[in-house]
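How does the following fold in three dimensions:
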Amino acid sequence: MPETLTLRVTLESPLPGVALAVQKGRDELILPVRADADAVTFEVPATLRLRPDGTQALAGPIVQGPAGAKFLYVTVGKRAGQPFSPWDRRVKVPLSGITPELLSEAAASSGMVLAARIHGLAKDGGPACASVPLLGSGWQLEPVGK
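Numbers count the residues shown, from 1 in each chain. Below you'll find the model as predicted:
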């Protein structure tokens with residue numbers, strides 16, 4: 001049976017007052033679990049599945065994109081359910097940095113989540129959008145509740 005892992009994505013220094021949500025499937029939204037002036041954090045489930053070649057991969061309704069280039073979307077402004085926002089963007093958070101070794105370690109470690117951080121602002125001063133680089137060391141294991 002496939003195992004569920006938690007992915008934690010934190011947007012650092014988001015633009016105040018702009019709604020953010022993770023896109024689930026084509027049109028469902030998952031709201032942040034924590035938000036303050038310094039950061040907005042999402043914790044979302046992903047399914048760990050076994051590929052026919054024996055390797056593990058992330059799947060599920062929050063995982064978007066083709067094999068080998070998976071990502072998740074953080075929606076911004078109008079796309080996040082804020083109809084009168086001047087912003088209508090999506091942030092593409094790459095999952096490609098999650099190695100098979102990291103997936104195995106996450107599956108074997110109860111009480112841990114796979115976590116990544118991104119900038120909440122784009123170079124134009126508005127909310128982050130398009131493909132973004134991960135901050136620090138990229139995807140890593142963190143304790144639940146951190």
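
CA atoms of the helix or strand hosting L114 as CSV?
L114 is part of strand 112-119 when elements are defined by DSSP states H and E. C-alpha atoms of strand 112-119 as CSV (Å, rounded to 0.1, in the frame of the first residue of the first chain):
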residue,chain,number,x,y,z
MET,A,112,9.6,14.0,10.2
VAL,A,113,8.5,16.0,7.1
LEU,A,114,10.3,16.9,3.8
ALA,A,115,10.7,20.7,4.0
ALA,A,116,11.8,23.5,1.6
ARG,A,117,11.9,27.2,1.8
ILE,A,118,11.4,29.8,-1.0
HIS,A,119,11.3,33.6,-1.3
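
Give the other helices and strands that that strand contacts.
strand 3-12, strand 88-94, helix 100-108, strand 140-143 (3 or more Cβ pairs under 8 Å, 6 or more residues apart in numbering; DSSP states H and E). The way it works is simple: take the backbone N, C-alpha and C, and place the C-beta from them, glycine included.

List just the one of these that sits closest to G125.
Closest of those to G125 is strand 88-94, at 12.8 Å (criterion: Cβ to Cβ).

Run the chain-centre distance for that closest one.
9 Å (Cα atoms, centre = their mean, to the nearest Å).

Equivalent analysis for stretch 21-40, please.
With Cα atoms, centre = their mean, you get 9 Å for stretch 21-40.

before we move on, what about stretch 100-115?
The answer for stretch 100-115 is 15 Å, by Cα atoms, centre = their mean.
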